[in-house]
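J.: Quick one: sequence and predicted model below, then my questions.
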Amino acid sequence: MKICEKRISKIAMITFFLFTVLINIASAQSVFVGKAGAEGKILKKYIEPSELKKLVETPVDSIWIIDVRSEKAYKNGHIPTAKSFPSGTIMSRLNEIPKDKYLILYCTVGGTVKIVSKKLRKAGYKRYINWGGLSRWEWERATK
């Protein structure tokens, strides 16, 4: 009887653990897309890739698309019109990013942007959005 109870208990714990892991994975996917700074809500329009494509085709001076991946990754292919500010250098280059611009930030999957967003917020930036990962971009990538 005790062996059976231990086995059931073990199965229940494993099931609970796996369920928790799956929930965290599922919620993490949505965490990285659409998180905006306090004044970045206007950018929510561009969460959908098709809307961002329209912006790329008709750029607006007040909105910058920023790629925070490495310079090498950027050169291998990025969203057209995106500016390269690798996450490791962005804090030393803040003087190049005006606080009055709206920033659409992306990386490989969105996790790096989450970290960069926190740093930008601490530096006083309020107009930004975590667009997520480059894999969301379905169209041709620029290499220049």
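T.: Great, that's in hand.
J.: ok, and what's touching stretch 57-74?
T.: 43, 46, 52, 55-56, 78-79, 81-88, 90, 97, 100-108, 112-113, 116, 131, 134 (Cβ atoms under 8 Å, 6 or more residues apart in numbering). Yep, even glycine has a C-beta here, placed from its N, CA and C like the rest.
J.: so how far is it off the chain centroid?
T.: 13 Å (Cα atoms, centre = their mean, to the nearest Å).
J.: Which members of the contacts of stretch 57-74 occur in helices, if any?
T.: Using DSSP state H, the subset of the contacts of stretch 57-74 located in helices is 52, 55-56, 112-113, 116.
J.: shaky segments in the chain?
T.: For the chain, the stretches with pLDDT under 70 are 1-2, 4, 12, 17, 19-35.
J.: wait, Glu51 sits on Lys44?
T.: No - with contacts counted by Cβ atoms under 8 Å, Glu51 stays clear of Lys44, the gap being 9.5 Å.
J.: ok, now which ones touch the closest residue in space to Trp137 that isn't next to it in sequence?
T.: Excluding its sequence neighbours, the residue lying closest to Trp137 (Cβ to Cβ, 6 or more residues apart in numbering) is Ile79, at 5.3 Å. Residues near Ile79 by Cβ under 8 Å, 6+ apart: 52, 56, 65, 67, 106, 134, 137, 141-142.
J.: now swap in Leu105 and tell me
T.: Contacts of Leu105 (Cβ under 8 Å, 6+ apart): 66, 68, 113, 116-117, 128-131.
J.: What is the burial count for Trp139?
T.: Using other Cβ atoms under 10 Å, Trp139 is surrounded by 12 other residues.
J.: ditto for Arg127
T.: Arg127: 23 neighbours (other Cβ under 10 Å).
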